[in-house]
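Visitor: What follows is a predicted structure for the sequence shown.
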Amino acid sequence: MINSVQNVNQKQRGAVLIVSLVILLLMTIIGISSMKTTTLEERMTGNMRDQNLAFQSAEAAIIEGENFLLNIQLVITDGSVGGLHDTGDGPDVFDPVTWTDNARSIPAATVTSLINEEQSARYYIEKIGPVLPPGQSIGGRNITIDPSGNKAASGDVTGYKIVAIGRGPSGSAQTILVSYYGKETFQ
């Protein structure tokens with residue numbers, strides 16, 4: 001009887017070690033997979049935050065451009081003022097020089113980058129020309145009503161296109177927004 005108990009114990013000596021090593025290997029694989037998933041989720045969250053901040057800074061630059069048009073009596077777009085362009089003379093939005101050259105775009109004073117001035121939000125304004133009421137369209141430029149609910153008279157509104165770029169803190173995310181603005185012409 002003693003011999004048979006010893007034979008069973010001798011046969012089972014390595015089984016526990018092998019099962020333990022297999023379980024340890026599986027737990028290691030699950031741990032590494034969880035770490036990779038967590039790292040990926042952190043990167044995705046960081047990129048979303050970066051893109052969100054880029055959008056918000058571009059939107060703030062658009063609002064700054066609209067406020068500029070709202071508060072100025074006469075908008076000169078003959079190229080003598082940086083960032084203001086006449087009809088058809090707006091710079092290429094995809095040319096990086098557009099967003100670094102003060103003759104082509106205006107740095108947004110309300111939005112500064114967390115990294116450096118070169119990455120702060122910028123905008124430019126391009127004159128579109130007269131905007132006409134419904135039924136009187138020239139080249140597709142017309143307007144239905146102004147914010148107060150009154151219909152604009154023919155030739156009383158000049159249209160402007162405001163283009164802005166915003167960048168996230170990392171500099172890798174950027175957003176370009178376009179806004180159209182109608183300004184009543186003063187006689």
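Guide: Cool, got the structure.
Visitor: Would you mind writing the CA trace of stretch 178-187 as CSV?
Guide: Output of stretch 178-187 as CSV, limited to C-alpha atoms (Å, rounded to 0.1, in the frame of the first residue of the first chain):
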residue,chain,number,x,y,z
VAL,A,178,-15.4,79.5,-42.2
SER,A,179,-18.1,82.0,-41.3
TYR,A,180,-20.1,84.4,-43.6
TYR,A,181,-21.0,87.8,-42.2
GLY,A,182,-23.3,90.5,-43.6
LYS,A,183,-22.6,94.1,-42.7
GLU,A,184,-25.0,96.9,-43.4
THR,A,185,-23.6,99.5,-45.7
PHE,A,186,-23.5,103.0,-44.3
GLN,A,187,-24.5,105.8,-46.7
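Visitor: Sketch out the low-pLDDT regions of the protein for me.
Guide: Across the chain, residues meeting the criterion (pLDDT under 70) sit at 1-13, 73-81, 110-119, 132-155, 185-187.
Visitor: Please enumerate the strands of it.
Guide: For the chain, the strands defined by DSSP state E cover 84-85, 106-107, 122-131, 157-167, 174-184.
Visitor: elements contacting the first one?
Guide: Yep, that's strand 84-85 we're talking about. Contacts defined by 3 or more C-beta pairs under 8 Å, 6 or more residues apart in numbering; DSSP states H and E place strand 84-85 against strand 122-131. Any C-beta I mention is one placed from the backbone N, CA and C, and that applies to glycine too.
Visitor: and the strand it packs on, which residues are buried?
Guide: The neighbour-count check on strand 122-131 (16 or more other C-beta atoms under 10 Å) flags 122-128, 130-131 as buried.
Visitor: cool, stretch 86-100 as well?
Guide: So for stretch 86-100, counting by 16+ other C-beta under 10 Å, buried means 90-91, 98-99.
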